[in-house]
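Undergrad: Predicted model and sequence follow; I will ask about them next.
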Amino acid sequence: MQYVIIGSSAAGINAIEAIRSKDKKSKIVVLSDEKTPLYSRCLISYFLAGTIDEKKIWYRSENFFKENKVDTVLGVRAEKIDTDKKEITLANKEKIKFDKLLIATGASAKMESVKGVDKKGVFPLRTIEHALEMQSMLGRVKQVAVLGGGLVGLRAAYALKNRGKEVTVFVRSPQILSQIIDKGSADIMQAHIEEKGIKIKTGSAATEIKGSDSVKNLIIDNRSEYPCELVIIGKGVSPNIAIAKDAGIKTNWGILADGFLKTDNKDIFAAGDVAEAHDIALEENSINAIWPAACEQGRIAGLNMTGEKESYEGSLAMNSLEFFGLPVISIGITKPKKDIYEELIKKDENRKIYKKIVLRNGIIVGAITLNAVETIGILGTLIKNKVDVSAIKDTILEDHFNYGKIVNIVKNSKQGFKQKEFKETTMTL
Amino acid sequence: MKKIYCDIKKCIGCRACEIACAVEHSKSKKLDEAIKERPLPIKRRKAESIEGDVPRSKFPKITEAGNLEWGIVISTGCHHCEDAPCVAACMSSAMYKDKKTGQTKHDEEKCVGCWMCIMSCPFGALSRQKQDKIIVKCDLCPDRDIPACVEACQTAALFLGTEKEFKKKLCNT
């Protein structure tokens, strides 16, 4: 048996560990186009901010591959999968055979289709290389423009503000973090970030990046100019599906993965940011390009590659962010578009607290908590277990809401909550 | 593995466990000193009302029949889940499983305060230590034979042991 894994971030690493938990002997080969793949991608912005040193960015020990007896081909791109011959061709024309393959090629930063995007000083923030390159030029940077008010854009803005730069974020939509939270919570966060000195321009976009070789300034909305030496593009990511699509593996927006994270080819699996799999709240396939989903998918795909029959319950969109001491966490559907949803909101602007739950037929399908985040995991549990919370829905947004308030629901749930520890809490009730 | 269980039938929501926990995790380990420390020591256990308002600083009631009514309360903290969602979610590998004991442990040095574990904890058992931007959670009191909360529990609602031992105890009482 020879296992091959393309990609060595969260999904790839977890797959290796899962395979090795069942199969100590077979050969595992990992392919990555990054030379140093064992870092935590989510920590890049912390590194750029200077709040952690380079040591902390390593997610596993440097001997990880050796300890797990994994052969590596690093810094070389996998270019082609031949599903008949069960063989991968690398950019250097080397060929590698597989019996079971995991495609965990992740996603790439979307680059804005704005004129001048190829100038020096324009970066996405996706790899450690990007952060190191940016860091090396920080000495001559005074003003920074961030294009995009999503998670990565704002984290980059926060990082560079922390480095003493003047930062302006240009956001095309009317609110920041529009893919993650609703306008009510976003407005509180935006005001907070602005209070701390980052400028945010919503409803505003760069129409051109100007400069001879390096970036000198931006043209905003075809009108005004914004001088800057560094531009960060935070326009989200798109899944790296080309290699799978060319091989005839079924893809949509991502690579379609079933309830065992298998593709439509019985020997090929997909996990992580590239995989389009079941979403618990949406009840349809979706890509949740987030760290916890990549880890879980990698683990389950890895187990199933060894012949286990571990089913995948699906993922939930979830994000946790904090800027200048104000945290916000969201799970599931936070901006429902149809009227079959019910929204309950509690807002306390003085304390900068905002909480919201979204319900569908009495079942929670989404939640946002801003500055009172400690209990949101309980809401995640309610979302995953799809229980009717009508009886307690008014207490959920109260300050004193906690696990105790759902113990009766856990106890009375017919299908049972999925983790064994829940039972332990109700044994004596 | 050995961990802390709560017998809901015995818990009266007195919050002695909360205080003992916070004091144990203070620098001085003395209540009168601990309350002056900054940042304030954080409890990793909470008495949470299931029915009734007891832990919300309301006194227990005496019913018409003359009985003392406490409400129903559970003292809860990290359950050291076998398949721990916080460990799976941690992006800096600060949260990990101790391979020998099965405990869910947390390495403060590695924690960056991303709160992904809070996002994933089914029990809401983690707290933020805001000053240093790190998570705090039940560590089962590594310096003691019996965790401070269990020792402080006056009604013997809290119990340290394996699931089997806890069930056995329930049968015997």
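TA: Structure's in. What do you need?

Undergrad: Excluding sequence neighbours, find me the nearest residue to the most centrally placed residue in chain A.
TA: Nearest residue to the geometric centre of chain A (C-alpha atoms, centre = their mean): residue A:290, 2.3 Å. Nearest non-adjacent residue to residue A:290, counting by C-beta to C-beta, 6 or more residues apart in numbering or on different chains: residue A:318, 6.1 Å away. For the C-beta atoms, the positions are set from N, CA and C on the backbone; glycine is no exception.

Undergrad: Thought residue A:334 was touching the one you found, still the case?
TA: No - contact criterion C-beta atoms under 8 Å: residue A:318 and residue A:334 do not qualify, at 10.2 Å.

Undergrad: can you tell me which residues contact the residue nearest to residue A:290?
TA: Applying C-beta atoms under 8 Å, 6 or more residues apart in numbering or on different chains, one finds that residue A:318 lies in contact with A:288, A:290, A:292, A:329-332, A:380, B:119-120.

Undergrad: again with residue A:169
TA: Per C-beta under 8 Å, 6+ apart, neighbours of residue A:169: A:145-146, A:148-149, A:153-154, A:157, A:176, A:198-201.

Undergrad: Three-state assignment for it, please.
TA: Following DSSP: H, G, I helix; E, B strand; the rest coil, we place residue A:169 in the strand state.

Undergrad: show me where the stretch 51-200 of chain A has strands.
TA: A:70-74, A:78-82, A:87-90, A:95-97, A:100-103, A:107-109, A:122-124, A:143-147, A:166-171, A:199-202 (DSSP state E, counting those that start in this stretch).

Undergrad: Buried deepest among those, which one?
TA: Among the strands of the stretch 51-200 of chain A, strand A:100-103 has the highest mean neighbour count (mean count of other C-beta atoms under 10 Å in any protein chain shown), at a mean of 29.

Undergrad: What are the contacting residues of that one?
TA: Identification of contacts with strand A:100-103 by C-beta under 8 Å, 6+ apart yields A:1-7, A:11-12, A:15, A:81, A:86, A:88, A:243-244, A:249, A:255, A:263, A:267-271, A:274, A:298, A:301-302, A:305-306.

Undergrad: Inside helices: which ones of these?
TA: Counting by DSSP state H, these place A:11-12, A:15, A:243-244, A:298, A:301-302, A:305 in helices.

Undergrad: Output the residues you listed as JSON lines; include the columns neighbour count and distance to chain B.
TA: Shown next, in JSON lines, are those (neighbours: other C-beta atoms under 10 Å in any protein chain shown; distance: C-beta to the nearest C-beta, whole Å):
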{"residue": "A:11", "neighbour count": "34", "distance to chain B": "12"}
{"residue": "A:12", "neighbour count": "29", "distance to chain B": "15"}
{"residue": "A:15", "neighbour count": "33", "distance to chain B": "13"}
{"residue": "A:243", "neighbour count": "20", "distance to chain B": "26"}
{"residue": "A:244", "neighbour count": "27", "distance to chain B": "25"}
{"residue": "A:298", "neighbour count": "31", "distance to chain B": "10"}
{"residue": "A:301", "neighbour count": "33", "distance to chain B": "14"}
{"residue": "A:302", "neighbour count": "33", "distance to chain B": "13"}
{"residue": "A:305", "neighbour count": "29", "distance to chain B": "18"}
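
Undergrad: and the gap between the nearest residue to residue A:280 once chain neighbours are set aside and residue A:18?
TA: In this structure, residue A:280 finds its nearest non-sequential neighbour in residue A:314, 4.3 Å apart by C-beta to C-beta, 6+ apart. Residue A:314 sits 18 Å away from residue A:18, taking C-beta to C-beta, to the nearest Å as the criterion.

Undergrad: Include distance to chain B when you put the contacts of residue A:169 into a markdown table, please.
TA: Listed next are the contacts of residue A:169 as a markdown table, based on distance: C-beta to the nearest C-beta, whole Å:
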| residue | distance to chain B |
| --- | --- |
| A:145 | 25 |
| A:146 | 20 |
| A:148 | 20 |
| A:149 | 19 |
| A:153 | 17 |
| A:154 | 14 |
| A:157 | 17 |
| A:176 | 18 |
| A:198 | 19 |
| A:199 | 25 |
| A:200 | 22 |
| A:201 | 27 |
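
Undergrad: In contact with residue 134, which residues?
TA: The chain I'm using is chain A. Contacts of residue A:134 (C-beta under 8 Å, 6+ apart): A:48, A:123, A:125, A:230, A:232.

Undergrad: meant chain B, my bad for not saying
TA: Residue B:134 is in contact with B:108, B:111, B:113, B:128, counting by C-beta under 8 Å, 6+ apart.

Undergrad: so the last one sits right up against residue B:114, yeah?
TA: This points to residue B:128. No - if you go by C-beta under 8 Å, residue B:128 and residue B:114 don't touch, sitting 10.8 Å apart.

Undergrad: Counting neighbours, go ahead and name the busier of these two.
TA: For residue B:128 and residue B:114, the more surrounded residue by other C-beta atoms under 10 Å in any protein chain shown is residue B:114, and the numbers stand at 24 against 18.

Undergrad: Surely that one is within a helix?
TA: No - in this structure, residue B:114 is coil, not part of a helix, as judged by three-state DSSP.

Undergrad: residue contacts, it?
TA: By C-beta under 8 Å, 6+ apart, the contact set of residue B:114 is A:42, A:320, A:322, B:91-92.

Undergrad: Among those, name the ones in strands.
TA: A:320, A:322 (DSSP state E).

Undergrad: top of the contacts of residue B:114 by neighbour count?
TA: For the contacts of residue B:114, neighbours were counted using other C-beta under 10 Å, and residue A:320 has the most, 28 neighbours in all.

Undergrad: The residue of the stretch 301-429 of chain A found nearest chain B: neighbour count?
TA: As assessed by C-beta to the nearest C-beta, chain B sits closest to residue A:404 within the stretch 301-429 of chain A, at 2.9 Å. Close neighbours of residue A:404, defined as other C-beta under 10 Å, add up to 26.

Undergrad: One more: residue A:344?
TA: 15.

Undergrad: For residue B:82, see how far away the residue in the stretch 101-250 of chain A that chain B sits nearest to is.
TA: Minimum separation of the stretch 101-250 of chain A from chain B (C-beta to the nearest C-beta) falls at residue A:155, amounting to 10.3 Å. Using C-beta to C-beta, residue A:155 is found at 33 Å from residue B:82.
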